[in-house]
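Asks: Quick one, structure for this:
(one chain, ligands or ions: 2)
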Amino acid sequence: MTPVAPGSVIGILGGGQLGRMLANAAQRLGFDVDIYCPEDNPPAARVAHHHWKGAYDNKALLGEFAKACAVITLEFENIPVAAAEAIEAAGTHLHPGAKSLAVSQDRAEEKAFLNGIGIATADYRVINSDHDIAKALPELGGTGLLKTRRDGYDGKGQAWIRSPDDIAAAWADVGAAPCVLEAPVPFEREISVIVARSSQGETATWAPPQNVHRDGILATSTVPSGLPLDVEQAAREKAIALVDALGHVGVLALELFVLPDGGLLANEFAPRVHNSGHWTPEACQTGQFEQHIRAICGWPLGDTRRLFDAEMENLIGEAGNVDPTTLAPGDVLTLYGKHEARPGRKMGHITRRLAPRKA
Ligand SMILES: Nc1ncnc2c1ncn2[C@@H]1O[C@H](COP(=O)(O)OP(=O)(O)O)[C@@H](O)[C@H]1O
Ligand SMILES: [Mg+2]
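Replies: Numbers count the residues shown, from 1 in each chain. Ligands and ions are numbered 1, 2, ... in the order given. Below you'll find the model as predicted:
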C-alpha cells in the first residue's frame with residue numbers, strides 16, 4: 001500500500017472518546033479527520049473536520065463518506081459487516097477489515113477462532129436456550145458466567161449462574177439472547193496486550209498492563225504488570241499470532257487471564273485502540289493512537305518502548321466531574337468532553353508517570 005500522505009482525510013466510524021483521541025493523534029500528524037456516527041454532537045465529532053451523521057446501515061451515505069476519505073478506520077467494532085462492505089465497494093480501504101470485525105463481534109466465533117489458532121480460553125458452551133444452560137452447567141463444574149454473544153461491553157449482558165436455581169433469572173437478565181456460558185476462571189490477575197500490525201505486516205506490542213476491573217468496568221491499568229518477563233513475552237506472542245491470523249491492520253487489544261501458575265487464558269479481544277492502552281501516549285515512545293494512525297496509513301510503526309512506570313485511572317460517572325484544583329502537578333488529565341456524568345459512564349482518565357523505567 002502506498003503510504004497515505006499527510007493532509008489526506010482519515011475517516012473514523014464511531015464518535016466516542018476513542019475516536020476523539022484517534023482524531024487528536026491524526027491531526028498531530030497533519031491529517032484531517034471526518035467522523036461517521038449516528039449520534040448528535042458526540043465527543044469525536046467536536047474535534048473533527050466534519051461529522052457525517054448517519055446510521056451504520058445507510059449504505060448510500062457510507063459510500064459518500066468513503067469517497068471523501070483516503071482511508072477509513074473505526075473506534076467502535078459493532079458496526080454491521082454490511083457497512084464495511086459498502087466502504088470497500090466505494091473503493092476506500094477500511095482498516096481493520098471485515099474479518100477482524102466479524103470475529104470480535106461474536107463471543108462464540110471469537111473463542112472458536114482463538115482456540116483454532118492455539119490460544120486457550122476458558123472452557124465454554126454455546127447457548128441458545130435455557131435448556132442448553134441446564135445441560136452445560138454441570139459440564140462446566142456447576143458454575144458459569146453467561147454472556148451474550150453480541151453487543152456486550154463493560155460487564156453488560158452478563159450474569160453469573162451458581163446453581164440450577166439461577167438459570168431462569170440469568171436467562172431473562174440477558175434477554176434470552178444467544179449466549180456463551182463460560183467456566184469461571186480462578187485468575188490471579190488480568191492483563192492485556194495492546195498490539196499493532198501495519199498494512200505491511202509489521203507488528204509491535206507494548207508492555208502488558210495489569211488491569212483491575214470494578215463492577216465489570218476497567219478501573220486501573222498499571223505497568224509494569226509485576227509478572228515475570230517470560231509470562232509477559234508469552235502474552236505478547238499470543239497477541240501477535242492473533243493479528244497475523246486475522247490479517248488485522250491497526251491496533252488490537254487482547255485481554256488475558258493470568259492463572260496462579262503463570263498460565264494464560266485469552267478472555268476477549270477488541271479490534272481497536274483500547275482503554276487499557278490509554279497510558280501509552282504518556283509512558284511510551286509511541287502511544288496507541290498515533291500507532292494506529294501510522295498502521296492504517298501504511299507508515300512504518302513507531303517504537304513502543306516504555307519509558308516510565310505508569311498508572312492509568314479511569315474517571316467513571318461522578319468522578320468525571322473533575323475539580324481542577326485537586327489535581328496533583330503530575331496528573332496527566334484527559335477528559336472526553338461528555339456533558340453529563342451518568343453512573344458507569346467513562347468521562348476521562350488520569351495517567352500518572354510513577355518513575356522512569358529501570359533498565
Ligand atoms: N470466565 C470468567 N471467569 C471469571 N471472571 C470473568 C470471566 N469472564 C469475565 N470475567 C470478569 O468480567 C470482566 C468483564 O468480562 P469481559 O468478557 O471482558 O466482558 P466485557 O466485554 O464487558 O469487557 C473481565 O474483565 C473479568 O474481570
Ligand atoms: Mg473485557
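
Asks: Tell me where the stretch 201-350 of the chain has strands.
Replies: For the stretch 201-350 of the chain, the strands defined by DSSP state E, counting those that start in this stretch occupy 203-205, 210-214, 217-223, 250-258, 264-270, 308-316, 331-335, 346-356.

Asks: Deepest-packed of those strands, please.
Replies: Among the strands of the stretch 201-350 of the chain, strand 250-258 has the highest mean neighbour count (mean count of other C-beta atoms under 10 Å), at a mean of 25. (C-beta placed from N, C-alpha, C; glycine too.)

Asks: partners of that strand in the sheet?
Replies: According to DSSP bridges, strand 250-258 forms sheet pairs with strand 189-197 (antiparallel), strand 264-270 (antiparallel).

Asks: Would you format those as TSV with distance to Ser104 included?
Replies: TSV is the format used below for those (distance: least, C-beta to C-beta, whole Å):
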stretch	distance to Ser104
strand 189-197	13
strand 264-270	6
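
Asks: Those strands into CSV, with extra columns for mean pLDDT and distance to ligand 1?
Replies: Formatted as CSV, these follow (pLDDT from 0 to 100; distance: least, C-beta to the nearest ligand atom, whole Å):
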stretch, mean pLDDT, distance to ligand 1
strand 189-197, 98, 5
strand 264-270, 98, 5
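
Asks: Please identify which of these is closest to Asp215.
Replies: Each of the strands paired with strand 250-258 was scored for nearness to Asp215 using C-beta to C-beta, and the closest is strand 189-197 (14.4 Å).

Asks: The closest one: how far from the chain's middle?
Replies: 10 Å (C-alpha atoms, centre = their mean, to the nearest Å).

Asks: got the angle between it and strand 210-214?
Replies: Counting by axes from the mean of the first three to the mean of the last three C-alpha atoms, to 10 degrees, strand 189-197 lies at 120 degrees to strand 210-214.

Asks: Please report how far the closest residue to Val33 other than its chain neighbours lies from ligand 1.
Replies: Setting aside the residues directly before and after it, Val33 is nearest to Ala23 in space (C-beta to C-beta, 6 or more residues apart in numbering), at 4.2 Å. To ligand 1, Ala23 is 24 Å away according to C-beta to the nearest ligand atom, to the nearest Å.
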